[in-house]
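In: Using only what follows, build the 3D model:
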Amino acid sequence: MGIGTLLLILQTWSPTPISPDSAEALRDLAHRAEWSYEYLLRSLAPIRRGYYPSSQRCDEIVGRFCLTFSSGSTRPRPDTTEASKVISARQQAVEMLRRAFSALPNDLVTVGPLLRYLIEDGRAEEAVAAARTFAWASSDSAWSELLLGYALHAAEDDSLAEVHFLRGLERLPEAERREIESVAYLLEPRERSLYNRMSAEERAAYEEALWRLANPLYLTPGNERYAEHLARHVWSRLLSVAPKVRRMHRWGKDLEQLTVRYGVPTSRERLLADHLLINTEETMVEYFDPNQLAYLPETLYYEGIPPTPPPGSAWVLEKEKARSGYHPLTIRKLYPLEHQVSRFQVGADILLRIDASLALDSTAIGAAEAESGLFILDRKYRLVGEERGAIEIGDDTARFHYETLHPPGDYVYSIELFEPETRLAGRARYSIELPVPWVGQLALSDPLITEPLKGGPEPEDRGSSRLKPRPSLILSNEDTIGIYLEAYHLDQGADGSSRYQVELTIGRAEEPSLIARAFGWLGRKIGLSRPAETPRLAWEGVSTGSGPAILAVDLPLDDLEPGLYLIEIEVQDLISDGEMTATSSRLIRIGDDG
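Out: All right, here's what the predicted structure looks like:
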C-alpha cells in the first residue's frame, strides 16, 4: 500500500478529540442503533405457516437447534430480499458506529460491529479502511490483525488476509489460538475422534494437508476456504457480543459450531405453528447459503481423496449432508470438469495425460480466454508439480489438456479452469495411482477414448494430430469412438518384429466390485465375466521398432442400452507362445442424451 493510500485512510477515519462523557454517549447511541437493526432484521423476516420440525425430522441435532439439509426440496426458499427498513436500520447503525469509532478508534467493542455491518451492507473496502485505522490506533496486536484479515477476506483479497490472520493467531494466547485453529467441528465423528487423539505435531501436519486439499482452486491466489474458516471464528466472536433482542437465541457453543461449519445465515423466516387451532407459536428458521459446496475432506485419514469416479457419478463436492460448506466470493459458479485421465509408460516413469472440457453457461458464453492448470500433490498432499496456461475458447466450450511425467506412486491431481471475466470455474480433484512399470513384462497403457479414426494408417504415437481425445466419457449409443492403446515390452522375433493378438470386449459394469477393479494398475488383469452375448472384437497385429506397439481401432456403440459399461482390451504376445498377456480397461457411460 502506497503512502498516498495510507494518508487517505487516516484522513477518512481520523479521530475526533472528545470528552470521555461524550465518547460514552456516542457509544451508547451506537449500541441502540445496533439493537434496532438486530431487532428489525428478525421481526421483519418473512412469515410462513407450518409445524415445528420434530427431532425425528432433523438430520442432525446441534445443541438447541434442529439442522436439516433441504437439497432437492420442492419447498421454495424464503425471499432473500431485505426489507427497506432493515437496510435503513443497518446503514443508520453504521453511521452511529462510525461516529463512535471516530472518537474511540482503539475500541474493539465499537470497531467489531462496525466492520460486520459494513460487510453485511456490501461495503467491504470501507471495512478494510476501518480495520487498518483500528490496527493503527489499538494496542491489541492480536485482534487488530484478525479483524484486518476478516475485512480483507470479505474484500476478496485472501492472500493478504491470510498474512494478517496468521499474525493475529501468533499473538493470541495458546488456548484461544488452538480453539480457532481446530478443525474438530468440520470432521466426521470417527475422524474427529482420531483427530482429538493426535499429538500437537500430528495435528499440525494433518491440518496443513486438510487446508491444502480444501482450497477451492489452486489457480487463484490465496486459500479462500482456510481464510473463510478463520473469518468465521471472527464472525462468531462478533455475533457473541451482539445486542440480545427478541427472537435471538443466547450465544453458545452450538451457534459457534454452526457458524464455523456453514458461516452466517443468508436468509431467515418466521415459522408460525398452529397447535390444536387454539394458540399460535413462533420460531425463527435460518438458512445458510444454498450454493455452498463441500470443499473440506471430512474423512481425510480414513478415506482420503476419492479416485476418479465412473462417468456420470455424483459430484463429491455436492455431498448432501456435508459437515461444512462454503461458496467463495471469488467464484460465481463452480462446475465439475469433464475429463479423461490416461496413464502411459515412459521409461521408469509414468506420463499422466488429462483431457478436459467445460461447457460455458449463458453468462460466460462469448468469453475469449480462460485460465487453466494442472496441479499434482504427492501421497502426503504436498504440491510437487504444476502447469498453468491460458486457453482460447472457440465456441461455447473450453477444451484443454495437460501431460506431466512423474515417478510411480500415489498422487492427487487437480485439473482446473477459471474464466476471470464472469468468474465461472470448473474443477476435478481426485487421487490416482501411477504404477511401477513391470520391467520385462507385457503391460498396457490406459485406453484413450478419442473421436473416431475413420480408417487410414494407425497414429504413430499419442501425439499424433489424428488423435482427438474425448474429455467426456458420457456417450450416446449412436456414437462411434476411437480407442488408442500402447503395449510395452512385447517380445521380438528373429526379424525384429513383434506379433500380438488383441481381444476387445464391452459389457455392463454395474457391480461396484467391478467398477473398483477398473481402477487398478496398468496391465493388471480385471477378470471381466464374459457371457456369450458380450460384444467382442479380435484381431492380430505386427509391430516393428523398439518403441511400444500402437493399437488403434474404431468401436461403434450401436444399440447399447443406457448405463455404465466396461471396455476391456486383452493383448496376447504371440512371439512368447501366448504365455504373456496383459489387460487394460476403461469405463464409459451410455446416456439417453449422449
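In: quick check: domain ranges of this protein?
Out: In terms of domains, the chain is parsed into 21-72+80-262, 438-594 (source: automatic domain parsing).
In: quick one: which of the ones you listed is nearest H339?
Out: With distances scored as C-beta to C-beta, the stretch of the domains of the chain nearest to H339 is domain 438-594 (5.4 Å). Quick note: C-beta positions are derived from backbone N, CA and C, even for glycine.
In: Centre of the chain to the closest one, how far?
Out: 33 Å (C-alpha atoms, centre = their mean, to the nearest Å).
In: worst average pLDDT in the domains of the chain?
Out: Note on the domains of the chain: domain 438-594 shows the lowest mean pLDDT, a mean of 82.
In: quick one: contacts for E179?
Out: H233 (C-beta atoms under 8 Å, 6 or more residues apart in numbering).
In: separation between it and V241?
Out: Shown here: E179 relative to V241, a distance of 16 Å by C-beta to C-beta, to the nearest Å.
In: next one: E540
Out: For E540 relative to V241 (C-beta to C-beta), the value is 79 Å.
In: swap in E416?
Out: 39 Å.
In: give me the number of residues near S465?
Out: Under the neighbour criterion other C-beta atoms under 10 Å, S465 is assigned a count of 7.
In: The spatially most distant residue from the centre of the chain in helix, strand or coil?
Out: Centroid-distance maximum for the chain: A494 at 55.1 Å, with C-alpha atoms, centre = their mean. Here A494 takes the coil state, with states given by DSSP: H, G, I helix; E, B strand; the rest coil.
In: So what pairs up with A443 in the strands?
Out: Y488 (DSSP bridges).
In: what's the neighbour count on it?
Out: 25.
In: Ok, the one 3 residues further on next?
Out: D446 is flanked by 21 other residues according to other C-beta under 10 Å.
In: Next one: it relative to A428, how far apart?
Out: Applying C-beta to C-beta to D446 and A428 gives a distance of 16 Å.
In: Same drill for E416 and V241, tell me which one is more crowded.
Out: Neighbours per residue (other C-beta under 10 Å) separate E416 from V241, with E416 holding more: 24 against 13.
In: so what does the host helix or strand of that one touch, helix or strand wise?
Out: According to DSSP states H and E, E416 maps onto strand 409-419. Packing partners of strand 409-419 (3 or more C-beta pairs under 8 Å, 6 or more residues apart in numbering; DSSP states H and E): strand 349-359, strand 369-377, strand 397-406, strand 424-434.
In: and if we set it to 7 Å?
Out: If you count contacts as 3 or more C-beta pairs under 7 Å, 6 or more residues apart in numbering; DSSP states H and E, strand 409-419 packs onto strand 349-359, strand 369-377, strand 424-434.
In: List the strands paired with it, with their directions.
Out: Counting by DSSP bridges, strand 409-419 is paired with strand 369-377 (antiparallel), strand 424-434 (antiparallel).
In: Was I right to think E433 contacts D410?
Out: Yes - between E433 and D410 a contact is recorded at 5.6 Å, counting by C-beta atoms under 7 Å.
In: And these two? Which one has more around it.
Out: Between E433 and D410, counted using other C-beta under 10 Å, the more crowded position is E433 (17 against 14).
In: does I305 sit in a helix, a strand or a coil?
Out: coil.
In: Next, the contact list for it, please.
Out: When contacts are counted by C-beta atoms under 7 Å, 6 or more residues apart in numbering, I305 touches 213, 297, 412, 430-431.
In: export the domains of the chain to a markdown table and tack on distance to D349?
Out: Shown next, in a markdown table, are these (distance: least, C-beta to C-beta, whole Å):
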| stretch | distance to D349 |
| --- | --- |
| domain 21-72+80-262 | 23 |
| domain 438-594 | 12 |
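In: tell me the secondary structure for A151?
Out: Relying on three-state DSSP, one would call A151 helix.
In: what about it, how many residues close to it?
Out: Neighbours of A151 (other C-beta under 10 Å): 29.
In: That one contacts A131, correct?
Out: Yes - the pair A151 / A131 is scored as a contact, 4.2 Å apart, by C-beta under 7 Å.
In: what touches both of these two?
Out: What both A151 and A131 touch, as defined by C-beta under 7 Å, 6+ apart, is the set L115.
In: The stretch 401-550 of the chain: strands as residue ranges?
Out: For the stretch 401-550 of the chain, the strands defined by DSSP state E, counting those that start in this stretch cover 409-419, 424-434, 443-444, 448-450, 474-475, 480-488, 497-508, 536-544, 549-556.
In: can you tell which of these is closest to E282?
Out: Using C-beta to C-beta, the nearest of the strands of the stretch 401-550 of the chain to E282 is strand 424-434, at 40.7 Å.
In: next one: the closest one to chain centre, how far?
Out: 10 Å.
In: what's the angle from that strand to strand 397-406?
Out: 30 degrees (axes from the mean of the first three to the mean of the last three C-alpha atoms, to 10 degrees).
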